[in-house]
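Student: need a structure here:
(2 chains)
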Number of protein chains: 2
Amino acid sequence: MQFELTKEFLDDLRDAISEGRDTFLIETLEQLHPADIAEIFDKLKPGEGNYLFKLVPQEKSADVMIELDEDDREKLMATLTSKEIAQQVIDLIDSDDAADVIAELPKQKQGEVISHITDAEQQVAVSDLLRYDEDSAGGIMAKELVKVKRNWTIARSIREMRKQAEGVDQVYTIYVVDDEDRLVGKLSLKKLLFSSSSIKTLISDIYTEEELNYVTPDVSGEDCASLMEKYDLVALPVVDENMTLLGRITIDDVVDLIKEEAERDYQLASGISESVESDDSVWVLTRARLPWLLIGLLGGVLVAQVIGIFEVQLAKVAALMLFVPLIAAMGGNVGVQSSAIVVQGLANKSLDTSGIFIKLLKELAVASLNGLICGGVIFLYGLLFLDSMALSYTI
Amino acid sequence: MQFELTKEFLDDLRDAISEGRDTFLIETLEQLHPADIAEIFDKLKPGEGNYLFKLVPQEKSADVMIELDEDDREKLMATLTSKEIAQQVIDLIDSDDAADVIAELPKQKQGEVISHITDAEQQVAVSDLLRYDEDSAGGIMAKELVKVKRNWTIARSIREMRKQAEGVDQVYTIYVVDDEDRLVGKLSLKKLLFSSSSIKTLISDIYTEEELNYVTPDVSGEDCASLMEKYDLVALPVVDENMTLLGRITIDDVVDLIKEEAERDYQLASGISESVESDDSVWVLTRARLPWLLIGLLGGVLVAQVIGIFEVQLAKVAALMLFVPLIAAMGGNVGVQSSAIVVQGLANKSLDTSGIFIKLLKELAVASLNGLICGGVIFLYGLLFLDSMALSYTI
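Tutor: Residues are numbered from 1 along each chain as shown, chains lettered A, B, ... in the order given. Predicted coordinates for the structure are as follows:
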């Protein structure tokens, strides 16, 4: 049942595109999930993609657009007018995705697209969201949510929620607000549906004020992710300083964030300063790596200076020189290992500065043990393959 | 509103423990979320932890137990009898967490604990789950779920679901099964609650068969995670070969899995072969790193052999030797960068073997560009600081 993009399938599709067999293409697209269609676009040439996109069923095309890779989307967007973007894409998707898509457009096109949005509520929501930093809670949140007033009855709540829920993909939690629209608690759909109370019961009798987590729009996306992870939340409300409900962050956005962050950590640790993928341009890839190589170069020059001090002695026993790279490389390897442990400790916040002396002592013990073993191995190698006993000892 | 574990707070708590001020401790624990209490345990000495655990409010202690770090939990478990573990912990938590906790116990204690479980349903569920591999869909899934029969009315469904939902923390999706208990579709709580149909409507009229994702128990956790990530799922049903519903995987378990995997990738890339944390024992840390260091050592010896071929020439111009470590280190740095990009490409499945020649060509272009720039810099350095023009050119 799981869709897998095979080479055969892709070849069939490309043939159909080049031969203009639209009926076949439309039928195929109708059976696929937007995320699968987006995966196909990633493998097509721009011309093929533009052709295929026109055949995507109306109700799926907006979803396909948000599932696309950023650069695929950029190419496709360039073929649409501002009005088309507003009415065929932005009007049909959640406000957070809409804001993300618009933020990727050239500055002057952004205003045009916003002015063409037909849904007035969406227009306000998107303009609002664009003000926040992309990596903050405000930048990740969606405006769509379901909320009820504390003094409503269950019957009225269900009536009002039915209207609100139309615009909301997935209802995770119902937020409870007071008369001034301030967040005071939450209510699970489960509780509402399965509570044995009558439909005349007031919300104030069944909602919970406990374990109400929320963030302000300026909280970093990373902090939102750890909060949701720690308390196993599927949605996190965002409020302003007066506790007025601004929006909500959902777990699917946070999952993407967690993955991106892990990738960035890894790349940084490997000496790549910008977030890059293997299909980025040569110049982007070069620029991301160069700074660290230059720092490495500086280090190498310093090493050369230090070895230079012993130039005369080394010239006498050139064989010793052969092992200088070995020793330097071992030092490098150990450094990478130690730094990986520390970086992860920092990322997990499982590392603290208390007992730093103990930790240093422990690193020292690990280092000594590894050093002894590796030293022993290389000593054995020296005994077996080198002529000089003194040389083996020295290494 | 967000709990932060400060040093002052921790000191207060430890003082209270050593002075036996139980009332203060109980009051403090009552206000905290289980995840926060677990964070405190991570900072306490085992003796302090055992003391504090006895004061954790009954209804929270099981949740605290599953939020604990694996080694903290192990220490605490060792102080409890099999009967206590079964009745104070296992009976009160979801079947997937229960199976995880039991799997960590010594083999002979596992059977004892299972035999002491009071809830017969939980007993069967846990024994069942323990048969699956820890990293497979079967090992991650929980048995608790909400399902309705296709031919039930909405009224009957709500009645039955009210019973089922008692044991389920969070209801994400309602699964629809046929008379033979085979999964045929799903229904969102939202649809059930807000559908304008009467309570006499049949489930078969409102449920959806579309976009029904599921996995079998042998699918790897990693594949489940990518599936849920791709289709933005909060829950994924697990079925056997006859489509009989076995359990469901929830997004919070998958978030943990994604994080663990990212950590393991990073550690592997840094040359650490087991999953370790900075607070593991010296011997565990040493063992995790040693294999890679030995491989590095072997590489170093080979390098020494190669340089050895030029020993006579190098002895004449010892200054050239100074730059051997620099050149070797640069090679190492570039290798780490390239491998990071490729490893991530593989992890994302964004890398495929089509056009491998183009990719190699591109890597070559990036390498040449970086090489030219770094070479230029070191040449300049040579011109300025070394006596010999020939030496600069050579480097």
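Student: hmm, stretch A:71-87 touching chain B?
Tutor: No. Shown here: stretch A:71-87 not in contact with chain B (Cβ under 8 Å from any Cβ of the partner chain), separated by at least 11.7 Å. No exception for glycine: its C-beta is placed from N, CA and C like everyone else's.
Student: who's in contact with that stretch?
Tutor: A:38, A:41-42, A:46, A:49-50, A:53, A:65-66, A:68, A:88-89, A:101, A:104-105, A:109, A:112-118 (Cβ atoms under 8 Å, 6 or more residues apart in numbering or on different chains).
Student: list the buried residues of that stretch.
Tutor: Across stretch A:71-87, burial judged by 16 or more other Cβ atoms under 10 Å in any protein chain shown covers A:72-73, A:76-77, A:80, A:82, A:85-87.
Student: a markdown table for the residues you listed, including secondary structure?
Tutor: Shown next, in a markdown table, are those (DSSP: H, G, I helix; E, B strand; the rest coil):
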| residue | secondary structure |
| --- | --- |
| A:72 | helix |
| A:73 | helix |
| A:76 | helix |
| A:77 | helix |
| A:80 | coil |
| A:82 | helix |
| A:85 | helix |
| A:86 | helix |
| A:87 | helix |
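Student: name the helix or strand for the nearest residue to residue A:283 once chain neighbours are set aside, please.
Tutor: In this structure, residue A:283 finds its nearest non-sequential neighbour in residue B:369, 7.8 Å apart by Cβ to Cβ, 6 or more residues apart in numbering or on different chains. Element membership of residue B:369 [criterion: DSSP states H and E] is helix B:356-385.
Student: same check, this time on residue A:200
Tutor: Under the criterion of DSSP H and E, residue A:200 resides outside all helices and strands.
Student: how many residues are close by it?
Tutor: 9 (other Cβ atoms under 10 Å in any protein chain shown).
Student: now swap in the one 4 residues further on and tell me
Tutor: Other residues near residue A:204 number 14, with proximity taken as other Cβ under 10 Å.
Student: which helix or strand contains it?
Tutor: Secondary structure from DSSP H and E places residue A:204 in helix A:203-206.
Student: quick one: average confidence on that helix?
Tutor: For helix A:203-206, the mean pLDDT works out to 88.
Student: residues in contact with it?
Tutor: With Cβ under 8 Å, 6+ apart as the criterion, helix A:203-206 contacts A:148-154, A:157, A:176, A:187, A:191-192, A:195, A:197.
Student: low-confidence ranges in the stretch 251-395 of chain A?
Tutor: Within the stretch 251-395 of chain A, the ranges that satisfy pLDDT under 70 run A:267-280, A:315, A:317-319, A:336, A:339-356, A:387.
Student: show me where it has helices.
Tutor: Using DSSP state H, counting those that start in this stretch, the helices of the stretch 251-395 of chain A run over A:251-269, A:282-309, A:311-316, A:318-321, A:324-348, A:356-385, A:389-394.
Student: ok so, going back, any of the contacts of stretch A:71-87 buried? List them.
Tutor: A:38, A:41, A:49-50, A:53, A:65-66, A:68, A:89, A:101, A:105, A:109, A:113-114, A:116-117.
Student: sorry, back to before: and the contacts of helix A:203-206, which are buried?
Tutor: A:148-150, A:152-154, A:157, A:176, A:187, A:191-192.
Student: just give me how far stretch A:81-99 sits from the chain centre.
Tutor: Centre-to-centre, stretch A:81-99 and its host chain are 22 Å apart (Cα atoms, centre = their mean, to the nearest Å).
Student: please apply the same query to stretch A:382-390.
Tutor: Taking Cα atoms, centre = their mean, one finds stretch A:382-390 lying 53 Å from the centre of the chain it belongs to.
Student: so which bits of that stretch are buried?
Tutor: Buried residues in stretch A:382-390, counted by 16+ other Cβ under 10 Å: A:382, A:386.
Student: and that stretch, end to end?
Tutor: Stretch A:382-390 has an end-to-end distance of 10 Å (Cα to Cα, to the nearest Å).
Student: and residue A:237, that one's in a strand?
Tutor: Yes. Under three-state DSSP, residue A:237 falls within a strand.
Student: and it, bridged to which residues?
Tutor: residue A:248 (DSSP bridges).
Student: who's in contact with it?
Tutor: Applying Cβ under 8 Å, 6+ apart, we find residue A:237 in contact with A:145, A:173, A:175, A:183, A:186, A:213-215, A:245, A:247-248.
Student: re the thing from before, would you format the buried residues of stretch A:71-87 as TSV with pLDDT and distance to residue A:219 included?
Tutor: Below are the buried residues of stretch A:71-87 laid out as TSV (pLDDT from 0 to 100; distance: Cβ to Cβ, whole Å):
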residue	pLDDT	distance to residue A:219
A:72	86	31
A:73	89	27
A:76	88	33
A:77	88	30
A:80	89	34
A:82	91	33
A:85	90	30
A:86	90	30
A:87	88	34
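Student: need the max-distance pair from those residues.
Tutor: By the measure Cβ to Cβ, A:72 and A:87 form the most distant pair in the buried residues of stretch A:71-87, at 20.9 Å.
Student: who touches stretch A:322-337?
Tutor: With Cβ under 8 Å, 6+ apart, stretch A:322-337 has contacts from A:269, A:303, A:307, A:367, A:370, A:374, A:378, A:395, B:270-272, B:289, B:292-293, B:296-297, B:299-301, B:303-305, B:307-308, B:311, B:321, B:324-325, B:328-329, B:332, B:336.
Student: please repeat the previous calculation with a cut-off of 7 Å.
Tutor: A:303, A:307, A:367, A:370, A:374, A:395, B:270-272, B:289, B:292-293, B:296-297, B:300-301, B:303-304, B:307-308, B:324-325, B:328-329, B:332 (Cβ atoms under 7 Å, 6 or more residues apart in numbering or on different chains).
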